[in-house]
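In: For reference, the sequence and a predicted model appear below.
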Amino acid sequence: MVSSGTGSDLQAIKTTAKKQGNSYVINGQKTFITNGQAADLVIVVARTGAPGAKGISLIVVETAGAEGYRRGRNLDKIGLHASDTSELFFDNVTVPPENLLGNEEGSGFVQLMQQLPQERLSLAIGAVASMERAVKITADYTKQRTAFGKPLIEFQNTAFTLAERKTEAMIARVFVDWCVERLVAGDLDTVTASMAKWWCSQKQVETADECLQLHGGYGYMQEYPISRMFIDSRIQKIYGGTNEIMKVLIARSL
Ligand SMILES: Cc1cc2nc3c(=O)[nH]c(=O)nc-3n(C[C@H](O)[C@H](O)[C@H](O)COP(=O)(O)OP(=O)(O)OC[C@H]3O[C@@H](n4cnc5c(N)ncnc54)[C@H](O)[C@@H]3O)c2cc1C
């Protein structure tokens, strides 16, 4: 969970979970939490120890009836309206010590690093599916809409744009399929997952933009699915770790 004011810099997390007697007492706030309005079991990234990565732990909170727990606003996003994105507040929320995820305090950062490649790959998979669909619906649309007496797809610009985007979607799929195999084998590393996340999401946004362009003015209308694909794609470059952070991680391997 992203802490308000922390974001990309995970090690600077401000939410605390302090041991008091036989409990953890959690204080802090989180923002941009997907499905926060509905969630009744949340995993909180909290500081249980000294500054830096080694002081971070993951604590599970059952939110139903938890004293001091409060949901904030369902934030007003430009897209992705099918899921809520919320603020969560923790004001002396008390949980038993067995709610610590794992065996020891201070394992949270390592646990996150172990699981993030899977999350990033899942975003890349969504990106590939979105690219493929954008190309398909745009090919269908440009076959039936005419201008200057012929279907749009017969203009070389239209056909070449779709040919390029179809090629990129195929390249993305092959790479992502290979990443899935590595994940299943248990050896998908952070650098490779970061490559998949940034490149596929970047290509998804470019594809949605170009496919919308090929629809002309109708692409800007909500009743045409490409408009929603355009709006919803934009967040892919930001969440799950921004694409700049992905490049920082990849650059460390150079
Ligand atoms: C719709 C939505 C849903 C989300 N769902 C969740 C969720 O369920 N759980 C969760 O934990 N988080 C969630 N997030 C949070 C998301 O992961 C963060 O927004 C994202 O990691 C970026 O953090 P930030 O918004 O604080 O941006 P900042 O960290 O403030 O970054 C701002 C800009 O600075 C750049 N930047 C920062 N550091 C560096 C650097 N070292 N080098 C180069 N550039 C840098 C960033 O790339 C970005 O362009 C969600 C966000 C949104 C918008």
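Out: Perfect, I can see it now. Numbers count the residues shown, from 1 in each chain.
In: Point me to the residue of this protein nearest the ligand.
Out: Proximity to the ligand, evaluated over the chain using C-beta to the nearest ligand atom, is greatest for Gly7 at 1.8 Å. No exception for glycine: its C-beta is placed from N, CA and C like everyone else's.
In: For that residue, report the pLDDT, please.
Out: As predicted, Gly7 sits at a pLDDT of 77.
In: Same question for the one 10 residues further on.
Out: Per-residue confidence for Ala17 comes out at a pLDDT of 97.
In: and it, that's in a strand?
Out: Yes - counting by DSSP: H, G, I helix; E, B strand; the rest coil, one finds Ala17 located in a strand.
In: For it, name its beta-bridge partners.
Out: Following DSSP bridges, Ala17 is listed with bridge partners Ile26.
In: For it, grab the count of nearby residues.
Out: 30 (other C-beta atoms under 10 Å).
In: sorry, back to before: tell me which helix or strand the residue of the chain closest to the ligand sits in.
Out: For Gly7, there is no host helix or strand (DSSP states H and E).
In: mind saving the C-alpha coords of stretch 44-63 as PDB?
Out: Provided in PDB are the C-alpha atoms of stretch 44-63 (Å, rounded to 0.1, in the frame of the first residue of the first chain):
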ATOM      1  CA  VAL A  44      -0.300  -2.800   5.500                       C
ATOM      2  CA  VAL A  45       3.300  -1.900   4.800                       C
ATOM      3  CA  ALA A  46       4.400  -0.400   8.000                       C
ATOM      4  CA  ARG A  47       7.600   0.600   9.800                       C
ATOM      5  CA  THR A  48       8.200  -1.700  12.800                       C
ATOM      6  CA  GLY A  49      11.900  -0.700  13.200                       C
ATOM      7  CA  ALA A  50      14.700   1.600  12.200                       C
ATOM      8  CA  PRO A  51      14.700   3.800   9.100                       C
ATOM      9  CA  GLY A  52      15.400   2.100   5.800                       C
ATOM     10  CA  ALA A  53      14.400  -1.300   4.200                       C
ATOM     11  CA  LYS A  54      15.200  -3.400   7.300                       C
ATOM     12  CA  GLY A  55      12.600  -1.600   9.400                       C
ATOM     13  CA  ILE A  56       9.700  -2.500   7.200                       C
ATOM     14  CA  SER A  57       7.100  -5.200   8.000                       C
ATOM     15  CA  LEU A  58       3.800  -6.400   6.400                       C
ATOM     16  CA  ILE A  59       0.900  -6.500   8.800                       C
ATOM     17  CA  VAL A  60      -2.500  -8.000   8.000                       C
ATOM     18  CA  VAL A  61      -5.600  -6.000   9.200                       C
ATOM     19  CA  GLU A  62      -9.100  -7.400   9.300                       C
ATOM     20  CA  THR A  63     -10.900  -4.200   8.800                       C
END
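In: tell me which residues in it are buried?
Out: The neighbour-count check on stretch 44-63 (16 or more other C-beta atoms under 10 Å) flags 44-48, 54-59, 61, 63 as buried.
In: In strands only, show me these.
Out: Val44, Val45, Ala46, Arg47, Ile56, Ser57, Leu58, Ile59, Val61 (DSSP state E).
In: From Ile231, how far off is the residue of the chain closest to the ligand?
Out: According to C-beta to C-beta, to the nearest Å, Gly7 and Ile231 sit 22 Å apart.
In: Kindly report the residues of the chain close to the ligand.
Out: Neighbours of the ligand within the chain, by C-beta under 6 Å from any ligand atom: 1-2, 7-8, 32-34, 77, 80, 85, 235, 238-239, 241-242, 244-245, 248.
In: From these, keep the buried residues only.
Out: In these, the ones that pass as buried (16+ other C-beta under 10 Å) are Met1, Phe32, Ile33, Leu80, Thr85, Ile235, Tyr239, Gly241, Thr242, Ile245.
In: ok, so of the residues you listed, who is nearest Val174?
Out: Gly241 (23.1 Å; C-beta to C-beta).
In: Give me the three-state assignment for the closest one.
Out: With three-state DSSP as the criterion, Gly241 reads coil.
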